[in-house]
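> let's see this in three dimensions:
(2 chains)
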Protein chains: 2
Amino acid sequence: MNIGILGSGMVGQNLGAALVRAGHRVVLGTRTPHNVDEARGPASKSLGDWLEQTAGRGRVGTFAEAAAEGEVVLNATSGAGALDALRLAGAANLDGKILMDLSNPLDFSRGGLPTLFVCNDDSLGERIQAEFAGVKVVKTLNTTNTSVMSDPGQLAGGDHTIFMSGNDAEAKRQVAGYLRDWFGWTDVIDLGDITTARGTEMLLPLWLRLYMTLGTPMFNFKVVR
Amino acid sequence: MNIGILGSGMVGQNLGAALVRAGHRVVLGTRTPHNVDEARGPASKSLGDWLEQTAGRGRVGTFAEAAAEGEVVLNATSGAGALDALRLAGAANLDGKILMDLSNPLDFSRGGLPTLFVCNDDSLGERIQAEFAGVKVVKTLNTTNTSVMSDPGQLAGGDHTIFMSGNDAEAKRQVAGYLRDWFGWTDVIDLGDITTARGTEMLLPLWLRLYMTLGTPMFNFKVVR
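You can find the predicted model right below:
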């Protein structure tokens, strides 16, 4: 399958590499596709290293190229940059496609732990769906660390939960299949329409505190029932 | 132990009955202690029934009586009424004591699913601690249904998580003991100071959607690590 990923930081690189390992072709979209030498963030490799790692099945391109070439598109940008990245990707390149939205509305501008830049009756998932009405936005994978995202089985044999929010039932059915087939997720809960993204985005403050308390990002929530 | 509970609705009645069964003496505080005939909410018994159930070890009183007689006090009021109830309880009756704050800042005023009446850098736990500076506020038990609160073992043998937030380390150590001894909680995570209550209060929107999706309140979060 051809998969477009918007965002070349730690999340995009890691998921892209995992998808290539699973046999897919990936275009990693970035504002700066020609800068392949610099590390993309403190915990990330350079895109040159990523291209070497993905050996011909991974490519680097603009946001628009990633969106155009992906049959499915993953938004792995920072929350603050998500709408701008999607505008650069272009509605025409995204229309009718599934957009798996992994971004979180984190505001790092005040230093210290980020807070959310949405509040209670708003979410980044909804903002994206509202602006890109022709796209099937499915919010998912935003509630755990990227290493757990791409390989849930490394934690308690995969016995924990991932959520989906979106307006299109068939798109969510397909995304549940992708989550299982690409990464191995077995407990996928469909929360409802895109407004339910409020709930998973609001999980981030607890996630961040747990990261500090536990001293590791290698954890996830399981809905025990 | 003498335990004061503020709030005579479903949560207060249920926890009060569980504490009496565990051998404690409970004063259930309410604005209207003389009204023992009416049901206290759609899923609650009357206080007359509760008194019968708790057979001499449970009493009904004012908020002030519950606060004064409790060696430890539980705030099981609705979030919107919490500060008013605590003012009626009286700082002098609470000072120096542990207040386990179970309340959530839910705004039911707009109909439909409630939202929070706090936002991002605020929490009800912090508001309570700020106004009652002499009280050792420990936010806990606010992330699950009251039936799970008082008997976590009925769900997956108790293999799931409860959180604590508070400024006083010794108070949290004691509360962790109460959670274990009173109810059987074994996985208690201390998130940090009272500002970490933001994280657990912000879990409510996800909890409410899960309640709708799963069709039952009998679930809880486990932090898998």
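> C-alpha only now, for contacts and for neighbours.
Fine.
> for the record, mean pLDDT for stretch A:206-219?
Taken as a whole, stretch A:206-219 has a mean pLDDT of 98.
> would you mark the buried spots in it?
For stretch A:206-219, a neighbour-count test (16 or more other C-alpha atoms under 10 Å in any protein chain shown) marks A:206-211, A:217-219 as buried.
> what's the distance between the spatially closest residue to A:Asn220 that is not a sequence neighbour and A:Tyr211?
Spatial nearest neighbour of A:Asn220, excluding adjacent residues (C-alpha to C-alpha, 6 or more residues apart in numbering or on different chains): B:Val224 at 5.3 Å. B:Val224 sits 12 Å away from A:Tyr211, going by C-alpha to C-alpha, to the nearest Å.
> return the residues in contact with A:Ile128.
A:83, A:137 (C-alpha atoms under 8 Å, 6 or more residues apart in numbering or on different chains).
> element containing it, please.
helix A:124-131 (DSSP states H and E).
> how distant is that helix from the center of its chain?
15 Å (C-alpha atoms, centre = their mean, to the nearest Å).
> got the contact list for the helix or strand just after it?
Later in the chain than helix A:124-131, the nearest helix or strand by DSSP H and E is strand A:136-140. Contacting residues not belonging to strand A:136-140 are listed as A:96-102, A:125, A:128-129, A:162-168, A:171-172, A:175, A:194, A:197 [C-alpha under 8 Å, 6+ apart].
> give the pairing partners of strand A:136-140; include direction for each.
Strand pairing for strand A:136-140, using DSSP bridges, gives strand A:98-101 (parallel), strand A:161-166 (antiparallel).
> quick one: distance of the shortest one to the chain centre.
A distance of 8 Å separates the centroid of the chain from that of strand A:98-101, by C-alpha atoms, centre = their mean.
> now what about it, what contacts it?
A:71-76, A:125, A:135-142, A:171, A:175.
> pretty sure A:Arg225 is touching B:Lys222, no?
No. Between A:Arg225 and B:Lys222 there is no contact under C-alpha atoms under 8 Å: 10.2 Å.
> so the two - more neighbours on which side?
Higher neighbour count among A:Arg225 and B:Lys222: B:Lys222, with 20 against 13, using other C-alpha atoms under 10 Å in any protein chain shown.
> for the residue lying closest to the more buried one once chain neighbours are set aside, give me the pLDDT.
Excluding its sequence neighbours, the residue lying closest to B:Lys222 (C-alpha to C-alpha, 6+ apart) is B:His160, at 4.2 Å. Note on B:His160: pLDDT of 98.
> does B:His160 touch B:Ile189 like I think?
No. In this structure, B:His160 is not within contact of B:Ile189 by C-alpha under 8 Å, at 10.6 Å.
> okay, these two: which has more neighbours?
Set B:His160 next to B:Ile189 and count neighbours by other C-alpha under 10 Å: B:His160 wins out with 24 against 17.
> what sits against the more buried one?
B:His160 neighbours (C-alpha under 8 Å, 6+ apart): A:224, B:152, B:187, B:220-223.
> now do 7 Å
A:224, B:187, B:220-222 (C-alpha atoms under 7 Å, 6 or more residues apart in numbering or on different chains).
> ok, now A:Leu88?
Here A:Leu88 is in contact with A:63-64 (C-alpha under 7 Å, 6+ apart).
> quick one: it is in a helix?
Yes. Under DSSP: H, G, I helix; E, B strand; the rest coil, A:Leu88 falls within a helix.
> where's it relative to B:Thr144, distance?
42 Å.
> please identify the most buried of the strands paired with strand A:136-140.
Neighbour counts (mean count of other C-alpha atoms under 10 Å in any protein chain shown) averaged over each of the strands paired with strand A:136-140 peak at strand A:98-101, with a mean of 26.
> pLDDT on that one, on average?
Mean predicted confidence for strand A:98-101 is 99.
> what is the subsequent helix or strand relative to that strand?
Criterion used, DSSP H and E; the element after strand A:98-101 is strand A:106-107.
> thought A:Leu51 was touching A:Gly61?
No. A:Leu51 lies out of contact with A:Gly61 (C-alpha atoms under 7 Å); the separation is 11.4 Å.
> who has more neighbours, these two?
A:Gly61 (21 against 18).
> residues in contact with that one?
A:27-30, A:33.
> go again with 6 Å.
Applying C-alpha atoms under 6 Å, 6 or more residues apart in numbering or on different chains to A:Gly61 gives the contacts A:29, A:33.
> if I look at it, how far off is A:Ser8?
10 Å.
> what does chain A put close to chain B?
A:119, A:199, A:202-203, A:205-206, A:219-225 (C-alpha under 6 Å from any C-alpha of the partner chain).
> mind checking which of those are in strands?
A:220-224 (DSSP state E).
> could you dump the residues you listed into JSON lines with distance to B:Ala55 added?
Below are those laid out as JSON lines (distance: C-alpha to C-alpha, whole Å):
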{"residue": "A:Asn220", "distance to B:Ala55": "43"}
{"residue": "A:Phe221", "distance to B:Ala55": "40"}
{"residue": "A:Lys222", "distance to B:Ala55": "39"}
{"residue": "A:Val223", "distance to B:Ala55": "36"}
{"residue": "A:Val224", "distance to B:Ala55": "34"}
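> the strands in chain A, which residues?
A:2-6, A:25-29, A:58-61, A:72-75, A:98-101, A:106-107, A:115-116, A:136-140, A:161-166, A:187-192, A:220-224.
> would you mind finding the most buried of the ones you listed?
strand A:136-140 comes out most buried of these by mean count of other C-alpha under 10 Å, with a mean of 30.
> between it and strand A:187-192, how many degrees?
Angle, strand A:136-140 to strand A:187-192, by axes from the mean of the first three to the mean of the last three C-alpha atoms, to 10 degrees: 130 degrees.
> thinking again about what came up before, now, the most widely separated pair of the contacts of B:His160?
A:Val224 and B:Asp187 (13.3 Å; C-alpha to C-alpha).
> kindly provide the distance from A:Phe108 to B:Thr54.
51 Å.
> and A:Phe183, how far is that from A:Asp101?
Taken as C-alpha to C-alpha, the span from A:Phe183 to A:Asp101 is 16 Å.
> can you tell me which residues contact the residue nearest to A:Asn220?
A:219-221.
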